[in-house]
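Participant: Pasted the sequence and its predicted model underneath.
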Amino acid sequence: MGQIFPEPELDWDLGPPRRWDPRNLIVVIAGVVTVVAVAVIVLQTRDSEPPAPPVRAVAPAVALAMPTDHEGDGGYPVGFPRTELGAASAAAAALEAAWTLDVGQAEQAAALYAPPDQQKAARDGAREAVRGWRETLGLPVEGDLPAGAALRTQTIGVQWNVRSDDQVQVSVLVKVTATTGAGGNGPVYSSPYAMSLLMAWAPDMRGTNKGDWVNIPDPTPPSVPAAALPGTPEFAAAGWKSLVDPRPTP
C-alpha cells in the first residue's frame, strides 16, 4: 500500500525554565557644598518570575464512520459514507485488515479495499507486506507460523486532505503490536507507524448503487506526517486527530 514510517524519538527537554541571575546595581551620588559626601546605594533585584509554560496544542478527536456491511472471512467493514470522514474510516479499515502475518487474510483484505482493476496489484503488495513483517519479527517468511504468533494493527490517529470531489488523501497512524508465539511472554514488538493512502469513491463497488471508498495508486504521493503517540505535543503538532469510540475495526 505504501511506505511505512517509524516513530521518531520523543526526547523533550521538560526541565524548569532558566532564571535570571540578579545583579547588584551600584549608584554613586556625589554632592559638593563644603564637604564632599559619597553615598553608595545598593539595589538588589528580586529573582525574575519564571516564564509561563507554553500552551500545548490539543489534538481534536473524531469518531470514525460506521460501515453499513461486513465482507470476507474476517468480517471486514465496508460500505462507508461518501464523506471525508467516510474516506478516512475506509482507509483505516483497509490498513488494519491488510497488515497481518497471514498471507491469505492479507490478500483478501487488500483486494476488498481496491478497485477491480487494481486488485491483482493489491494482492501482490499484500504478500510482500506479510513477508516483510515476518522478516522483521524473525519468523518464517513462508509457511506455517509458530503457535501464538500474531500481529495486530490498531488505528490511533487520522488526518486527511481533499484532492477532488471523489478523492481524499488520508494519512493513517497505527500502532502495530506483535507476538512471535512459541512460548513467548507478551508483546515482543510494539511501534506506531504512519502512512498515506489515496482513497477514491467507487459508485458501484459493493453492488448496484452501493458505493464505497477504495485505495488507488497515488501519482503524487505526499509527505507522510510524523508518527507520534496520542497525548504528546508531537501528535498535535503533526496534525493528527485522535479517535474516540465507536471504532469500526475488523
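Facilitator: Done, it's in. Numbering: from 1, shown residues only.

Participant: Buried residues, stretch 163-173. List them.
Facilitator: In terms of neighbour count (16 or more other C-beta atoms under 10 Å), stretch 163-173 has its buried residues at Arg163, Gln167, Val168, Gln169, Val170, Ser171, Val172, Leu173. Backbone N, C-alpha and C define where each C-beta goes, glycine included.

Participant: now, among these, which is nearest to Tyr193?
Facilitator: Leu173 (7.4 Å; C-beta to C-beta).

Participant: Name the nearest residue to the spatially most central residue of the chain, sequence neighbours excluded.
Facilitator: Central residue of the chain (C-alpha atoms, centre = their mean): Leu173, 2.4 Å from the mean position. Of all residues not flanking Leu173 in the chain, Gly157 sits nearest, at 3.6 Å (C-beta to C-beta, 6 or more residues apart in numbering).

Participant: Give the next helix or strand downstream of the helix or strand containing the one you found.
Facilitator: According to DSSP states H and E, Gly157 maps onto strand 149-164. For strand 149-164, the following helix or strand on the C-terminal side (DSSP H and E) is strand 167-180.

Participant: So what angle separates the directions of that following strand and strand 149-164?
Facilitator: Orientation of strand 167-180 against strand 149-164 (axes from the mean of the first three to the mean of the last three C-alpha atoms, to 10 degrees) gives an angle of 170 degrees.

Participant: what's strand 167-180 packed up against?
Facilitator: Using 3 or more C-beta pairs under 8 Å, 6 or more residues apart in numbering; DSSP states H and E, the elements in contact with strand 167-180 are helix 84-98, helix 119-137, strand 149-164, strand 189-202.

Participant: Columns distance to Ala226 and mean pLDDT on top of the ones you listed, output as TSV?
Facilitator: Putting the helices and strands packed on strand 167-180 into TSV (distance: least, C-beta to C-beta, whole Å; pLDDT from 0 to 100) gives the following:
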stretch	distance to Ala226	mean pLDDT
helix 84-98	17	97
helix 119-137	21	95
strand 149-164	11	95
strand 189-202	7	95
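
Participant: Quick check: which of the ones you listed is buried the most?
Facilitator: Comparing these by mean neighbour count (mean count of other C-beta atoms under 10 Å), helix 84-98 ranks first with a mean of 26.

Participant: Touching, Asp212 and Phe80? I think so.
Facilitator: Yes. If you go by C-beta atoms under 8 Å, Asp212 and Phe80 touch, sitting 6.1 Å apart.

Participant: what's the pLDDT at Asp102?
Facilitator: Note for Asp102: predicted pLDDT of 94.

Participant: In space, what's closest to it - neighbours in sequence excluded?
Facilitator: Counting by C-beta to C-beta, 6+ apart, Asp102 lies nearest to Val130, which is 7.2 Å off, once chain neighbours are set aside.

Participant: And that neighbour, how close does it get to Thr100?
Facilitator: According to C-beta to C-beta, to the nearest Å, Val130 and Thr100 sit 7 Å apart.

Participant: Which residue, neighbours along the chain excluded, lies closest to Ala226?
Facilitator: Nearest non-adjacent residue to Ala226 (C-beta to C-beta, 6+ apart): Ala238, at 4.7 Å.

Participant: oh, I was asking about Pro203
Facilitator: Using C-beta to C-beta, 6+ apart, the closest residue to Pro203 is Gly211 (4.4 Å).

Participant: and the closest residue to Glu96 other than its chain neighbours, what does it touch?
Facilitator: Leaving aside its sequence neighbours, Glu96 sits nearest to Thr153 (C-beta to C-beta, 6+ apart; 4.7 Å). Thr153 makes contact with Leu95, Glu96, Trp99, Thr100, Val174, Lys175, Val176 under the criterion C-beta atoms under 8 Å, 6 or more residues apart in numbering.
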